[in-house]
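Student: Below are the sequence and a predicted model for it; my questions follow.
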Amino acid sequence: MIEAAPVGPAAALGLDWKLFLAQLVNFGLLVFILSRFAFKPLIAAMKARRKEIEEGISNAERAKKSLADADREVKALETKAHREARDIVDASRLDAERVRAELLVQAKAEAEREQTQAKERIASERDAMMRSLRGELAGLVVLATEKVAGEHLPESSRRSLAEEAVNGLER
């Protein structure tokens, strides 16, 4: 028997409604199952991954900023350390100059004191030698006069001769 051909626009396209409805139900079921068990976990995983990437980028930017801040701080500390070192060297140099000047003043004072003491010792020794020389000269003059005169002189004459000889030596 010959079946009658379906009539209508769906039939003209060769569409079977029963088969179409079955395929539509299968497609809906497939979309439901995929969305429930595949797409939702996949979308959740993608969102989590996106969040991790954004946090990583944010952390990298913060780290970059922290590194820049640390670099600036290190440079500032280096500058401060160099300045402090230069100040310490300058202060040490000034202290050394001050100590050198003090030692120079002390050395000059010590040299002057020793020179003064030496002059005093020389003057004292010269005076002692002069006194000794005067006494010996006076004795020699009296002795020479007695020998020339051939007699022993009285004490008053001896004294006057000694004084004349010493006075002649001082001129």
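Tutor: It's in. Everything numeric in this text was worked out from a predicted model, so none of it was measured.

Student: Only C-alpha atoms from now on, for both contacts and neighbour counts.
Tutor: Noted.

Student: just checking, next helix/strand downstream of the helix or strand hosting residue 91?
Tutor: Using DSSP states H and E, residue 91 sits within helix 40-149. Downstream of helix 40-149, the first helix or strand assigned by DSSP H and E is helix 155-170.

Student: any idea how far the residue nearest to the spatial centre of the chain lies from residue 99?
Tutor: Nearest residue to the geometric centre of the chain (CA atoms, centre = their mean): residue 85, 2.8 Å. Separation of residue 85 from residue 99 (CA to CA, to the nearest Å) stands at 21 Å.

Student: Give me the local confidence score for residue 161.
Tutor: Per-residue confidence (pLDDT) for residue 161: 71.

Student: so what does the helix holding residue 91 touch, helix or strand wise?
Tutor: Counting contacts by 3 or more CA pairs under 8 Å, 6 or more residues apart in numbering; DSSP states H and E, helix 40-149 packs against helix 155-170.

Student: Could you list every helix and strand in contact with the helix it packs on?
Tutor: Against helix 155-170 (3+ CA pairs under 8 Å, 6+ apart) you get helix 40-149.

Student: how big is the angle separating the helix it packs on from helix 155-170?
Tutor: For helix 40-149 against helix 155-170, the angle by axes from the mean of the first three to the mean of the last three CA atoms, to 10 degrees is 140 degrees.

Student: next one: the helix holding residue 91 to chain centre, how far?
Tutor: Relative to its chain's centre, helix 40-149 lies at 15 Å (CA atoms, centre = their mean, to the nearest Å).

Student: same question, stretch 20-33
Tutor: Centroid separation between stretch 20-33 and its chain, computed with CA atoms, centre = their mean, is 82 Å.

Student: can I get the CA coordinates of that stretch in CSV?
Tutor: Output in CSV follows, covering the C-alpha atoms of stretch 20-33 (Å, rounded to 0.1, in the frame of the first residue of the first chain):
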residue,chain,number,x,y,z
PHE,A,20,11.9,16.4,14.9
LEU,A,21,10.3,16.4,18.4
ALA,A,22,12.5,13.5,19.5
GLN,A,23,15.6,15.3,18.3
LEU,A,24,14.4,18.5,20.0
VAL,A,25,13.9,16.7,23.3
ASN,A,26,17.3,15.0,22.9
PHE,A,27,19.0,18.4,22.2
GLY,A,28,17.3,20.0,25.2
LEU,A,29,18.3,17.1,27.4
LEU,A,30,21.9,17.3,26.1
VAL,A,31,22.0,21.1,26.7
PHE,A,32,20.6,20.6,30.2
ILE,A,33,23.2,17.9,31.0
